[in-house]
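*Asks:* sequence and predicted model, in that order:
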Amino acid sequence: MADDTHQFCKIFLRSAELLEIMAMLAELLGGEFQRRSMQLTELMVDVLKNPDAGMNEDFVCWPTFVEIEADTDATNEWVAGTAARVITAMWGAGIPAVAACSFEDELPWRGGIARLDP
């Protein structure tokens, strides 16, 4: 069972292409979106427009974010592994991604922020 530290992760994306992001995630994670949500075994993945988009240059104001929320039966490894796959896939596609969660240091590039550091 997941502890509270791995229940939720928000990944900010420097892309406004929601349909493209959803298609990439559906293929990557092997699921299907219903509107903007995809239910996976033990995880819910949502792709949403950021209401704070454009307020400043910080990543928390990038146009899109992905929310990963774990069911109570999800393991920490499964949640962190899924977040890592999303981040690396986005960077691989040329879309900067930065995670905001309690386990960022367990993710590639410290959740993506290390790729932005000068």
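*Replies:* Alright, I've got the coordinates.
*Asks:* what residue, apart from its backbone neighbours, is nearest A84 spatially?
*Replies:* Take A84 and drop its neighbours on the chain: the residue closest to it by Cβ to Cβ, 6 or more residues apart in numbering is L107, 5.1 Å away. C-beta: built from backbone N, CA, C; applies to glycine.
*Asks:* what sits up against the strand or helix carrying A26?
*Replies:* For A26, the host element (DSSP states H and E) is helix 18-29. Residues from elsewhere that reach helix 18-29 (Cβ atoms under 8 Å, 6 or more residues apart in numbering): 13, 15, 31-33, 36, 38, 40, 45, 47, 49, 64, 66, 82, 85-86, 89-90, 93, 95.
*Asks:* and V66, helix, strand or coil?
*Replies:* Here V66 is recorded as strand under DSSP: H, G, I helix; E, B strand; the rest coil.
*Asks:* same check on L48?
*Replies:* For L48, the assignment made with three-state DSSP gives strand.
*Asks:* who are the neighbours in contact with it?
*Replies:* Listed by Cβ under 8 Å, 6+ apart, the contact partners of L48 are R36, T64, F65, V66, E67.
*Asks:* correct me, but the fourth one touches D46?
*Replies:* Yep, that's V66 we're talking about. Yes: under the criterion of Cβ atoms under 8 Å, V66 makes contact with D46 at 7.0 Å.
*Asks:* for the residue lying closest to L40 once chain neighbours are set aside, what are its contacts?
*Replies:* Of all residues not flanking L40 in the chain, G31 sits nearest, at 5.1 Å (Cβ to Cβ, 6+ apart). By Cβ under 8 Å, 6+ apart, the residues touching G31 are L25, M38, Q39, L40, V45.
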